[in-house]
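Participant: sharing a model that was predicted from the sequence below.
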Amino acid sequence: MKIIRDKAELRKLVRDWHRTGERIGVVPTMGALHAGHLSLVDAANGRAERVIVTLFVNPKQFNNPEDLDKYPRTEEDDAKKLAPYGIDVLYVPGPEQMYPDGFSTNISVAGVSEGLCGAARPGHFDGVATVVTKLLLQTGADFAFFGEKDYQQLQVVKRLVADLDIDVEIIGCPTVREKDGLAMSSRNLRLGDGARAEAPVLQEEMQRAADAIAGGTPAAEAMAALRSALEAAGFGEVDYAEVRRDGDLALVEGQPDSAARVFVAVWLDGVRLIDNVEIGDLRSLAAE
Ligand code: AMP
C-alpha cells in the first residue's frame, strides 16, 4: 500500500491503471477507521482491480469549528488497519491539495440535501458534495463506496454524480454496528463510559418505532413517541426524528406506501449521534 499525498502523483498512477483496463474503486473517509469503513474496503476489493482509500478531514463539511478540532486524527493507526486489506493506495491530501489559494467553487445539491442533517448543519452537504466531487475526479474512480450509516449523504452523492455526468457507479453498503447495536462511528470514541453504555438505546428505540410503523402506527405518532422515549432515557437535544422515503427522502407522516426509514440525530454527552433504520415490512413492498 502506497501512501500518496500529492494529487499529480495520484493522477499519473490512475492514468496508468486505466490505460491497462484496470477498474478503480475508491472509499472516501475522514479516517479514525473502524469496521464500518473496512466493510467498504472489502466491498471495493470485491468489485475493482485497484482500490484507493482516501483520508481527508474536510474542513468545508464541518459547520462547527469545535467539532472539526475534536475530530480524531489517527493516520498511523489507520494505515495499520488497512495493511491486511491489500489496497493499492492510501491517499492523504493536505488542505493545500484540496483547497489551494484562490479556490472558489462550491457544489450545492438541492432537494435531497434539504431537511435532516441539511437543516441541522447548514453548509454541511455543500462541503460534502464539493469534496466528494473532487475526490471522484482526482481518483478517476469507476466505483465509489459509501455507507448507508450516512444515508442522506449517499443520496446527495448519487444525485450529484447523475447531475454532473460523472462516470462512476455509487455503491451503498449496509451500516455496520457494534454487538450492542450502536452504529459504528468515529465520533463514538468521544463518548464517556456512561454515555457509551446508554448509546445503544438509540437504535433499540428507533427499531421499536420502525416496528410500530410497520404494525400500522402513523409515522408522526411514532416519531413523537420516539422523541419522548429518547428524552426519558437521558439523551440530550433531538435534532430530528423523522420518517423519510428511501431515495428521494420525502417526509412521511402517515403510513408509508413505499420503502422508508426512521432517521434520528440526537446529542449524547456532547456527541451528535446519527442513525437510520429501515421500516422492515416495507422492504418487500419496494421489491414488488
Ligand atoms: P467518515 O469517515 O465518517 O466520513 O465515513 C466514511 C465512509 O464510511 C462514509 O461513506 C460512511 O457512510 C461510511 N461509514 C461510517 N460509519 C459506517 C458504519 N457504521 N457502517 C458502514 N459504513 C460506515
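Facilitator: Alright, I've got the coordinates. Numbers count the residues shown, from 1 in each chain.
Participant: residue of the stretch 51-200 of the chain nearest the ligand, please.
Facilitator: Nearest residue of the stretch 51-200 of the chain to the ligand (Cβ to the nearest ligand atom) works out as residue 147 at 2.2 Å. No exception for glycine: its C-beta is placed from N, CA and C like everyone else's.
Participant: so that residue bridges to which residues?
Facilitator: Taking DSSP bridges as the rule, residue 147 bridges to residue 173.
Participant: ok, it - contacts?
Facilitator: 36-37, 39-40, 154, 172-176 (Cβ atoms under 8 Å, 6 or more residues apart in numbering).
Participant: what do you get if the cut-off is 10 Å, keeping everything else the same?
Facilitator: By Cβ atoms under 10 Å, 6 or more residues apart in numbering, the contact set of residue 147 is 27, 29, 36-37, 39-40, 43, 153-154, 172-176, 183-185.
Participant: just these that are near the ligand?
Facilitator: Restricting the contacts of residue 147 to those touching the ligand (Cβ under 6 Å from any ligand atom) yields 29, 36-37, 39-40, 173, 175-176, 183-185.
Participant: buried ones among those?
Facilitator: 29, 36-37, 39-40, 173, 175-176, 183-185 (16 or more other Cβ atoms under 10 Å).
Participant: give me the subset of those residues that lies in helices.
Facilitator: Judged by DSSP state H, helices contain the following of these: 36-37, 39-40.
Participant: of those residues, just say which sits nearest to the ligand.
Facilitator: Distances from the ligand to those, taken by Cβ to the nearest ligand atom, are shortest for residue 36, at 2.4 Å.
Participant: relative to residue 85, how far out is that closest one?
Facilitator: Plainly put, residue 36 is 14 Å away from residue 85 if you go by Cβ to Cβ, to the nearest Å.
Participant: now swap in residue 220 and tell me
Facilitator: From residue 220 to residue 85 the distance is 44 Å (Cβ to Cβ).
Participant: tell me the domain boundaries of this structure?
Facilitator: Domain segmentation of the chain under automatic domain parsing yields 2-173, 186-277.
Participant: end-to-end on the shortest one?
Facilitator: Read it as domain 186-277. Terminal residues of domain 186-277 are spaced 19 Å apart (Cα to Cα, to the nearest Å).
Participant: that domain: how far from the chain's middle?
Facilitator: 16 Å (Cα atoms, centre = their mean, to the nearest Å).
Participant: could you do stretch 175-189 as well?
Facilitator: That offset, for stretch 175-189, works out to 13 Å (Cα atoms, centre = their mean).
Participant: end to end, how far does that stretch reach?
Facilitator: 17 Å.
Participant: looking only at pLDDT, what's the mean for it?
Facilitator: Mean pLDDT, stretch 175-189: 95.
Participant: ok, the most centrally placed residue in the chain to residue 197 distance?
Facilitator: Centroid-nearest residue in the chain: residue 150, 3.2 Å away (criterion: Cα atoms, centre = their mean). As judged by Cβ to Cβ, residue 150 and residue 197 stand 24 Å apart.
Participant: swap in residue 41?
Facilitator: Distance from residue 41 to residue 197, by Cβ to Cβ: 29 Å.
Participant: the more surrounded of these two?
Facilitator: residue 41 (23 against 11; other Cβ atoms under 10 Å).
Participant: hang on, that one packs against residue 81?
Facilitator: Yes - counting by Cβ atoms under 10 Å, residue 81 is a contact partner of residue 41 at 9.2 Å.
Participant: anything in contact with each of those two?
Facilitator: Taking Cβ under 10 Å, 6+ apart as the contact rule, residue 41 and residue 81 both touch 33, 53.
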